[in-house]
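K.L.:
okay, structure incoming, though there's no sequence with it:
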């Protein structure tokens with residue numbers, strides 16, 4: 001099966017949509033919060049891309065992203081942020097912080113699929129060029 005996608009969101013409906021978009025082409029790992037996602041990562045798992053919500057209980061998405069980006073091991077995993085906040089300054093902050101893309105909620109499933117596929121292709125080309 002294709003790549004491994006880690007999706008992190010506290011809304012079951014969003015996780016369901018993400019699963020339905022990618023389940024035929026990729027392995028999908030669904031986590032309902034950042035704590036669960038971090039535990040999964042610390043078990044030695046390494047996804048090809050992470051899709052995460054920003055507004056979650058407990059560890060919010062931005063803190064989760066910062067923890068990954070400051071990690072020596074996970075910092076190069078491409079991250080896509082799902083956000084209900086339309087603030088341009090927040091989107092700029094996320095992009096400056098190292099995320100690959102920001103998708104506003106509600107989102108078009110086809111658009112999310114294309115954005116993820118484009119990121120996966122781009123990172124695959126970089127990996128091939130590095131070998």
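P.N.:
Received the coordinates, thanks. Predicted model, so just to flag it, every value in this text is computed and none were measured. Numbering: from 1, shown residues only.
K.L.:
does the residue sitting nearest the centre point of the chain have beta-bridge partners, and which?
P.N.:
Closest to where the C-alpha atoms of the chain average out (CA atoms, centre = their mean) is residue 51, at 1.9 Å. Applying DSSP bridges to residue 51 gives these bridge partners: residue 7, residue 80.
K.L.:
OK, contacts around it?
P.N.:
With contacts defined as CB atoms under 8 Å, 6 or more residues apart in numbering, residue 51 is in contact with 5-9, 18, 79-80, 82, 112, 116. Using the backbone N, CA and C atoms, a C-beta is placed for each residue, glycine as well.
K.L.:
one more time with 7 Å
P.N.:
Under the criterion of CB atoms under 7 Å, 6 or more residues apart in numbering, the neighbours of residue 51 are 5, 7, 18, 80, 82.
K.L.:
what of residue 8?
P.N.:
Remark: with contacts taken as CB under 7 Å, 6+ apart, residue 8 is in contact with 31, 33-34, 37, 50, 52-53.
K.L.:
could you pick out which of those are located in strands?
P.N.:
Using DSSP state E, 31, 50, 52-53 are the members of the contacts of residue 8 that sit in strands.
K.L.:
quick check, nearest of those to residue 72?
P.N.:
Nearest to residue 72 among the ones in strands among the contacts of residue 8 is residue 50, at 16.5 Å by CB to CB.
K.L.:
ok, residue 88 - how many residues close by?
P.N.:
Neighbour count of residue 88, defined by other CB atoms under 10 Å: 8.
K.L.:
oh, I was asking about residue 118
P.N.:
Residue 118 is surrounded by 12 other residues when neighbours are defined as other CB under 10 Å.
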